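> attaching a predicted model along with its sequence, questions to come.
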Amino acid sequence: MLMAPLCSCADTSLFVFHQKFDINYLLLYVDDIIITGNNSSLLARFTRTLNSEFATKDLGSLSYFLGLKATPTSDGLFISQLKYARDILTRAQLLDSKPVHTPMVVSQHLSTDGSLFSDPTLYRSLVGALQYLTITRPEIAHAVNSVSQFLHAPTDDHFLAVKRILRYVKGTIHYGLHFRPSTSPGALVAYSDADWAGCLDTRHSTSGYSIYLGNNLVSWSAKKQPTVSRSSCEFEYRALASTAAELIWLTHLLHDLKVSMPQQSTLLCDNKSAIF
């Protein structure tokens, strides 16, 4: 891992450079860089070239990157945000709170009704931090999406919902994503679902999907749909369309990364009308 003042943009950039059968990758975010590949001599030569052009610092093997901790395991790589999660709990004064088993009450639907929360700045700060935590905690994505819809005027009920998410994080603070390599990447398999008119104020539905490459979860989302659907078929079909767009994007990304896909992608849904 390297750190270098190479770029002033806020986007993450991925570069692929190859030589015959050697493929190497460079991931750049502002001035943080990850370099990896299957040719150590080519990587060393590339690193020396960077050092000759820019003031860089080699931090050795990947351990932390943008608040994410990477831990090598016997069968892959474990990505977590343990320290970041502890910092959020400390900020909310919930580090010693009693954990709960779920991030949200089942069938709970938040609305704008209720008395306004006394410290909206704290609410927005905690919700923003939780949004970044979903990078390695996809199971809280739906709950965080729900509380994110009331940043302009949070109520006491909304803050209680945020505290419940944090208490869930307290009990699952060691959770993260485990990526395991395989000789064949397998197919992309996507699971799509949605709720109908889940927002009590606008009657908009919320779409969600999770996409796996082999056994590894590589993409997920929970997002309110922009329009009102008038049937269960319509809102499920909108969710399918959003998931299909992400599948196509991932397919092109894997192609650019020289990853061959032996099978067609699969998109799964539980609504017979939308499937038809």
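Cool, got the structure. Residues are numbered from 1 along each chain as shown.
> and the helices in the stretch 51-200 of the chain, which stretches?
82-91, 120-133, 141-147, 156-171 (DSSP state H, counting those that start in this stretch).
> partner strands of whichever strand or helix holds residue 35 and their direction?
Using DSSP states H and E, residue 35 falls within strand 32-37. Sheet neighbours of strand 32-37, with direction, are listed as strand 2-3 (antiparallel), strand 22-29 (antiparallel) (DSSP bridges).
> show me how far that strand is from its chain's centre.
On the basis of Cα atoms, centre = their mean, to the nearest Å, strand 32-37 sits 20 Å off its chain's mean C-alpha point.
> give the buried residues for it.
32, 33, 34, 35, 37 (16 or more other Cβ atoms under 10 Å). Every residue, glycine included, has its C-beta placed from N, CA and C.
> before we move on, what about stretch 94-106?
Residues 94, 100, 103, 104 are the ones in stretch 94-106 that count as buried (16+ other Cβ under 10 Å).
> just put those in a markdown table and tack on pLDDT and distance to residue 267.
A markdown table is the format used below for the buried residues of stretch 94-106 (pLDDT from 0 to 100; distance: Cβ to Cβ, whole Å):
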| residue | pLDDT | distance to residue 267 |
| --- | --- | --- |
| 94 | 96 | 39 |
| 100 | 96 | 33 |
| 103 | 95 | 26 |
| 104 | 93 | 26 |
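> quick check, nearest of those residues to residue 270?
residue 104 (20.5 Å; Cβ to Cβ).
> find the least confident helix or strand in this protein, judged by mean pLDDT.
In the chain, no helix or strand scores lower on mean pLDDT, DSSP states H and E than strand 2-3, which sits at a mean of 47.
> circling back to that earlier point, what's the least confident stretch among the strands paired with strand 32-37?
Note on the strands paired with strand 32-37: strand 2-3 shows the lowest mean pLDDT, a mean of 47.
> gap between residue 40 and residue 54?
Distance, residue 40 to residue 54, using Cβ to Cβ, to the nearest Å: 21 Å.
> between the two, which is the more surrounded one?
residue 54 (13 against 10; other Cβ atoms under 10 Å).
> any idea how far residue 272 is from that one?
Taking Cβ to Cβ as the criterion, residue 54 is separated from residue 272 by 57 Å.
> low-confidence ranges in the protein?
1-12, 17-21 (pLDDT under 70).
> can you pull out the strands in it?
2-3, 12-19, 22-29, 32-37, 57-58, 64-65, 68-73, 76-80, 176-179, 188-195, 206-213, 216-224, 266-268 (DSSP state E).
> so which of the ones you listed is nearest residue 118?
Across the strands of the chain, closest to residue 118 is strand 216-224 (Cβ to Cβ), at 26.5 Å.
> which neighbours does the closest one have in its sheet, and in what orientation?
When DSSP bridges is applied, strand 216-224 pairs with strand 206-213 (antiparallel).
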